[in-house]
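Peer 1: Below is the sequence, then the predicted model.
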Amino acid sequence: MRHLLPFATFMIAGALLAGCTTYTFPDGSRETLWGVPTEDETKTREERQADHLKYRVPGEMPE
């Protein structure tokens, strides 16, 4: 029973953060918003599935 409170707190915090997206801007500032990044709606489902994850370095412009 003593370990229930920390576990419940951890689970609630994880659930709240699961729907967030953090954007990092070139000046180093960050902004966390509810939701996930938007998808390109002009692509077909097959094209979206074929795309790989794109990693980028904060502060560098993507190609």
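Peer 2: In hand now; what should we look at? Residues are numbered from 1 along each chain as shown.
Peer 1: Now do the strands in this structure.
Peer 2: Using DSSP state E, the strands of the chain run over 20-24, 30-34.
Peer 1: State the mean pLDDT of the first one.
Peer 2: In this model, strand 20-24 has an average pLDDT of 78.
Peer 1: That strand packs against which elements?
Peer 2: Under the contact definition 3 or more CB pairs under 8 Å, 6 or more residues apart in numbering; DSSP states H and E, strand 20-24 sits against strand 30-34. (C-beta placed from N, C-alpha, C; glycine too.)
Peer 1: Within the sheet, what are the partner strands of the strand it packs on, with directions?
Peer 2: Within its sheet, and counting by DSSP bridges, strand 30-34 is paired with strand 20-24 (antiparallel).
Peer 1: Centre of the chain to the partner strand, how far?
Peer 2: 6 Å (CA atoms, centre = their mean, to the nearest Å).
Peer 1: Next: stretch 6-24.
Peer 2: Mean C-alpha position of stretch 6-24 versus that of the full chain (CA atoms, centre = their mean) differs by 11 Å.
Peer 1: Just the CA atoms of that stretch, as PDB, please.
Peer 2: Provided in PDB are the C-alpha atoms of stretch 6-24 (Å, rounded to 0.1, in the frame of the first residue of the first chain):
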ATOM      1  CA  PRO A   6       4.300   7.000  -6.100                       C
ATOM      2  CA  PHE A   7       3.300   4.500  -8.700                       C
ATOM      3  CA  ALA A   8      -0.100   6.200  -9.200                       C
ATOM      4  CA  THR A   9       1.700   9.600  -9.500                       C
ATOM      5  CA  PHE A  10       4.100   8.200 -12.000                       C
ATOM      6  CA  MET A  11       1.300   6.700 -14.100                       C
ATOM      7  CA  ILE A  12      -0.800   9.900 -14.100                       C
ATOM      8  CA  ALA A  13       2.200  12.100 -15.100                       C
ATOM      9  CA  GLY A  14       3.100   9.700 -17.900                       C
ATOM     10  CA  ALA A  15      -0.500   9.800 -19.200                       C
ATOM     11  CA  LEU A  16      -0.600  13.600 -19.200                       C
ATOM     12  CA  LEU A  17       2.700  13.900 -21.000                       C
ATOM     13  CA  ALA A  18       1.900  11.200 -23.600                       C
ATOM     14  CA  GLY A  19      -0.100  13.700 -25.700                       C
ATOM     15  CA  CYS A  20       2.400  16.500 -25.800                       C
ATOM     16  CA  THR A  21       4.800  17.700 -28.500                       C
ATOM     17  CA  THR A  22       7.800  19.900 -27.600                       C
ATOM     18  CA  TYR A  23       9.100  22.300 -30.200                       C
ATOM     19  CA  THR A  24      12.700  23.700 -29.900                       C
END
